[in-house]
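In: Sequence and computational prediction follow.
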Amino acid sequence: MDGSAAPLETDDNATKPFLGGYRDRIRNTEFHHAVAQTNPRVFSRTKDAQCRETQTKHFKNASTQDVRDGATQMTKVGLYVADKRDKIRYSSKSQRTVDEYLASRLKKIVLLQSCLRRWLAKRRVDKARADAAGKAQLAQNLEDSLTREKETVLHNEHLRKTHPKTKSDFDLVYKTIEDWKKGELAKINEALDGPERKALLCKLHKDEVGLLTAVEAQKIAARDGQDERARDRLLDKLRAPIKFMSCGTVQQRLEMETPDISRAKELVQLYYALLNKKNSKSERLDLLLSVTTTVAAFVCDLTSEISTLIDREVTILTSGMTMTDHVLDGLRLRMANLFLEIIKNPKFNPQVARFLPTLPGNPEALPKRLFCTSCKTYKMERHFEDKHSRSYGATSMCFDCCRLNNIAIARHDMGFYRLMLQNIRNSETALSHEVDPVIHKLSEIDLKLVLETIWQISSAISGRQDLYDLKFVRWDKNRPWSPWNCILLTRQEATVHLRLLNRKIYSEALTTRIEMNHQRARDIFAERLSKPQSAPTICKSRPSGTAIIETPCSI
């Protein structure tokens, strides 16, 4: 080859691998491999490219003869071979026998299996540790919540004792005084006798009188602002929308506002605006115009008097008197009180009829008057508690006399049982929307009877008698709560009981005792629950003009 380039027919679009070449040192010319300068070889595919013959590789055996013979001569009898130049060769470390290779491979397999099993075991241990920590945290959170719940009850009771405001709070105070008196009396009777005992009894009596005097002073202080609070409660009820649960698979709490509620809301807003003393002069005049438009739709003495007061205030304001003058305070207070009477009148506000005991002007709907055997006076029927005796014409004591009798003699407090009954009703409503009507027929007196007479104020499992730590729950979770389907447990035991899937873990003796308590409750309440119920009373009116919703109960 003289170094000249030979012309070749190549395809520019074809790509072939570079296989090298050489370079001429004299001419500095590069010569590539001939394969890289030609078109790639085209392999033709046959129709039977995937047949068995195509996919089978054929082998053949062939013998060959070396060009040079070689042999090894060993020393033997009659033959001497010099071993001066012989060398002993040892195998390298890379050369191993089959047994050594298999042993090494087994060792590596065991190492891999050990690492894998260690990783799996560590993962299981970590998961078990996380689960245990989660369960411990849940148990701690549950215990903390139960402790906080109990502390909240005790704190609220302490506030009721130190700052009583309602009749239930004062009943608790009287009960606390009675418990203190019984404890001191027991200590005196146990330790002393004779003149010393009489002296301590006189001192105890004086201390009790001093405490009762302080309670009466707190009663007088608690009455301040009571009318305003009752008025605000009534107005809140008037403008509150109707709440109910929607039907369907996904139940939602809905609110509905009727035209009567809208009318009541408008009147309540005007009333609170009349009481506001921070309005400017122009805002006050606009408010008086709105009130005039509202009361102008009805013609009566009440609306006429309100219109007269409005005209008088407008005349005073337009004459140049400032809003800070106290001359208008009595006028505005009188106007607000008259407007409140309009709100309480069903002719102007139909919504208030739901919260009145009887509609005015309906003699047939007037309640009957009964004779109180204690105060020797006739009072309306709603002031009496014994509803079963009314149909027989029997007389009984009114609410006020019963309360005075309790304060003077027994000094019982039903506030705790009332709170427990309310908690049971709330929990039943949260568990299911269909609640057994028996729970609404029970009163706090009935719950006290169940707690003290049937369950002896002790847990059915542990026997603990801490009243603030006990709780009523369902015995059968699939049935609604009732006196014959309940169990008294501590708060922690109640939480565990509600999580149980089967009650068979309880002993047979415990189950028998609980069933006996249920049967006893049936026997006690069977007669009361079988009596027909009277029609529900809408409300119970007060002298201050407030209204309280009341649901009658035959128990």
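Out: Right, received. Where do you want to start?
In: what's the nearest residue to residue 412 if we skip its chain neighbours?
Out: Setting aside the residues directly before and after it, residue 412 is nearest to residue 406 in space (C-beta to C-beta, 6 or more residues apart in numbering), at 5.8 Å. Just so you know, the C-beta spots here come from the backbone N, C-alpha and C atoms, and that holds for glycine as well.
In: Low-confidence regions, the stretch 351-500 of the chain specifically.
Out: Where the stretch 351-500 of the chain drops to pLDDT under 70, the residues are 357-368, 385-395, 433-435.
In: got the residue ranges for the strands in it?
Out: In the stretch 351-500 of the chain, the strands defined using DSSP state E, counting those that start in this stretch lie at 369-371, 378-380, 470-474, 486-490.
In: One more: the stretch 1-150 of the chain?
Out: Per DSSP E, counting those that start in this stretch, the stretch 1-150 of the chain carries strands over the ranges 21-23, 30-32.
In: And the average pLDDT for the last one is what?
Out: Right, strand 30-32. Averaging pLDDT along strand 30-32 gives 77.
In: is it possible to export the strands of the stretch 1-150 of the chain to TSV including mean neighbour count?
Out: Formatted as TSV, the strands of the stretch 1-150 of the chain follow (neighbours: other C-beta atoms under 10 Å):
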stretch	mean neighbour count
strand 21-23	10
strand 30-32	11
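In: With distance to residue 432 added, can I get those strands in a markdown table?
Out: Formatted as a markdown table, the strands of the stretch 1-150 of the chain follow (distance: least, C-beta to C-beta, whole Å):
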| stretch | distance to residue 432 |
| --- | --- |
| strand 21-23 | 92 |
| strand 30-32 | 90 |
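In: does residue 348 count as helix, strand or coil?
Out: On the three-state scheme (DSSP: H, G, I helix; E, B strand; the rest coil), residue 348 is labelled coil.
In: Name the nearest residue to it, sequence neighbours excluded.
Out: Distances taken as C-beta to C-beta, 6+ apart place residue 342 nearest to residue 348, at 4.7 Å, with adjacent residues excluded.
In: pretty sure the one you found belongs to a helix, no?
Out: Yes - using three-state DSSP, the assignment for residue 342 is a helix.
In: isn't it right next to residue 300, touching?
Out: No - with contact defined as C-beta atoms under 8 Å, residue 342 does not count as touching residue 300 (9.5 Å).
In: out of those two, which sits in the busier spot?
Out: Using other C-beta atoms under 10 Å as the criterion, residue 342 and residue 300 rank with residue 342 on top: 22 against 13.
In: Please report the distance of the more buried one from residue 438.
Out: Separation of residue 342 from residue 438 (C-beta to C-beta, to the nearest Å) stands at 42 Å.
In: Next: residue 465.
Out: Residue 465 sits 27 Å away from residue 438, going by C-beta to C-beta.
In: For these two, indicate the residue with more neighbours.
Out: residue 438 (17 against 11).
In: Could you tell me how many residues sit around the closest residue to that one other than its chain neighbours?
Out: Setting aside the residues directly before and after it, residue 438 is nearest to residue 482 in space (C-beta to C-beta, 6+ apart), at 4.9 Å. A count of nearby residues for residue 482, using other C-beta under 10 Å, gives 20.
In: List the contacts of residue 482.
Out: Applying C-beta atoms under 8 Å, 6 or more residues apart in numbering, we find residue 482 in contact with 436, 438-439.
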